[in-house]
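A.B. asks: give the three-dimensional model of this entry:
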Amino acid sequence: MRGHADFEKCGPQTIKAYQATVTLHAERVAISRRGLGRVASDAHTVIPLAEIVQVQWKDPTMLANGCVFMATAEDVKTVTALGTSKEKAIGGNPHVVLFTSYQRKQYAELRMALAGLLPEVPTAPIG
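C.D. replies: Presented below is the predicted three-dimensional model:
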């Protein structure tokens, strides 16, 4: 697990997710989406680490994709698991990254990296 200082020394860490690439920097998280991932959410999203107030997750299984949700204060107020619109549903939120059951290693890697970068930020399962 890399801490905040390690990112400043070693540079960014890149993790492949389902139809997205997450790049962790010392001060921000960048999410670039490809293919159909652009339909459900923004093609490119940048989240300053200082704005992340909670990290939520759902483990990937053989039956359903998992996700990591890097929630900002605005997300916490407006987003629900089954929102009434794309913007209010977790799956349509630009701060969510999906993982298939075959990407469990990358999913765990992202969760560990975020825990190292944001040790004071609370985490919780979605739902």
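A.B. asks: where do the strands of this protein begin and end?
C.D. replies: 13-17, 20-24, 28-33, 44-48, 52-58, 66-72, 96-99, 123-125 (DSSP state E).
A.B. asks: low-confidence bits of the chain, can you list those?
C.D. replies: For the chain, the stretches with pLDDT under 70 are 1-9, 35-42, 77-91, 127.
A.B. asks: now with 90, please.
C.D. replies: Within the chain, the stretches with pLDDT under 90 are 1-11, 34-44, 74-94, 124-127.
A.B. asks: quick one, what contacts R111?
C.D. replies: 55, 57, 68, 123 (CB atoms under 8 Å, 6 or more residues apart in numbering). For glycine as for every other residue, the C-beta is placed from the backbone atoms N, C-alpha and C.
A.B. asks: got it, and L118?
C.D. replies: By CB under 8 Å, 6+ apart, L118 lies in contact with 49, 52, 55.
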